[in-house]
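K.L.:
here are the coordinates; sequence isn't available:
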């Protein structure tokens, strides 16, 4: 997805994304790894079933005049988490190189729940809320990795785009099947209360 320039000294988690996007795109694989194992069975999950693929720490240069992480860098950190999810699902960097297609973000919502300070560790959990032939709906939750509290959420609507034509294009069938499998599994999870949040003075926040 398009993102702002990367800051230096990013610390990523040890959870490795799937690196063989080309194998997942081969006809007849039906969402399988080369050894025939179902992708859905191997996807790294948290205890509640959400994908947990990314961790990093709040950098000194992300701190603003109020002494906490600036709002812009929450979005950057969520973008890092999105990149890890897309790589893991086989629709990230390798997919872009092999197919000439990528995911563009059409809409994004962020809620700021609790402030983070310099050096605080962040852990991200991701739920695939839905998918159709050319769009996907993701919901990220950012937690303090040590204290466990929810710091922020990010909800995005992504569009599958042909980079040469600069127009929407349907997902290839193998990629769509993998996304549909994950969406079906995640449909059993509770809907986050922040999902679909509408901004307004009477929106229920204090």
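P.N.:
Done, it's in. No experiment lies behind these values; they were computed from the predicted model shown.
K.L.:
CA atoms for contacts and neighbours, from now on please.
P.N.:
OK.
K.L.:
Can you tell me which helix or strand of this protein has the lowest average pLDDT?
P.N.:
Of all helical and strand segments in the chain, the minimum by mean pLDDT, DSSP states H and E falls on helix 21-24, at a mean of 33.
K.L.:
any idea which residue sits dead centre in this protein?
P.N.:
residue 82 (2.8 Å; Cα atoms, centre = their mean).
K.L.:
Which stretches in this structure count as helices?
P.N.:
For the chain, the helices defined by DSSP state H cover 21-24, 39-42, 71-88, 93-99, 173-186.
K.L.:
Next, format the ones you listed as TSV and append distance to residue 146.
P.N.:
As requested, the helices of the chain are exported to TSV (distance: least, Cα to Cα, whole Å):
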stretch	distance to residue 146
helix 21-24	33
helix 39-42	26
helix 71-88	17
helix 93-99	30
helix 173-186	25
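K.L.:
Highest mean neighbour count out of the ones you listed?
P.N.:
Comparing the helices of the chain by mean neighbour count (mean count of other Cα atoms under 10 Å), helix 71-88 ranks first with a mean of 20.
K.L.:
Contacts for stretch 140-153, please.
P.N.:
55, 74, 78, 110-116, 120-127, 139, 154-155, 194 (Cα atoms under 8 Å, 6 or more residues apart in numbering).
K.L.:
if we go to 10 Å?
P.N.:
By Cα atoms under 10 Å, 6 or more residues apart in numbering, the residues outside stretch 140-153 that reach it are 50-52, 54-57, 74-75, 77-79, 81-82, 109-116, 120-128, 139, 154-156, 192, 194-195.
K.L.:
any weak-confidence spans in this structure?
P.N.:
1-45, 203-206 (pLDDT under 70).
K.L.:
where do the strands sit along it?
P.N.:
Taking DSSP state E, the strands of the chain run over residues 51-57, 101-112, 121-131, 135-144, 150-162, 167-168.
K.L.:
Now render those strands as JSON lines, adding distance to residue 64 and mean neighbour count.
P.N.:
Shown next, in JSON lines, are the strands of the chain (distance: least, Cα to Cα, whole Å; neighbours: other Cα atoms under 10 Å):
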{"stretch": "strand 51-57", "distance to residue 64": "15", "mean neighbour count": "23"}
{"stretch": "strand 101-112", "distance to residue 64": "15", "mean neighbour count": "17"}
{"stretch": "strand 121-131", "distance to residue 64": "17", "mean neighbour count": "22"}
{"stretch": "strand 135-144", "distance to residue 64": "19", "mean neighbour count": "22"}
{"stretch": "strand 150-162", "distance to residue 64": "17", "mean neighbour count": "21"}
{"stretch": "strand 167-168", "distance to residue 64": "38", "mean neighbour count": "14"}
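K.L.:
Please name whichever of the ones you listed is nearest to residue 95.
P.N.:
Set against residue 95 and scored by Cα to Cα, those come closest in strand 101-112, at 7.2 Å.
K.L.:
Within the sheet, what are the partner strands of that closest one, with directions?
P.N.:
strand 150-162 (antiparallel) (DSSP bridges).
K.L.:
before we move on, back to that, tell me how far the residue nearest to the centre of the chain lies from residue 140.
P.N.:
Per Cα to Cα, to the nearest Å, residue 82 is found 8 Å from residue 140.
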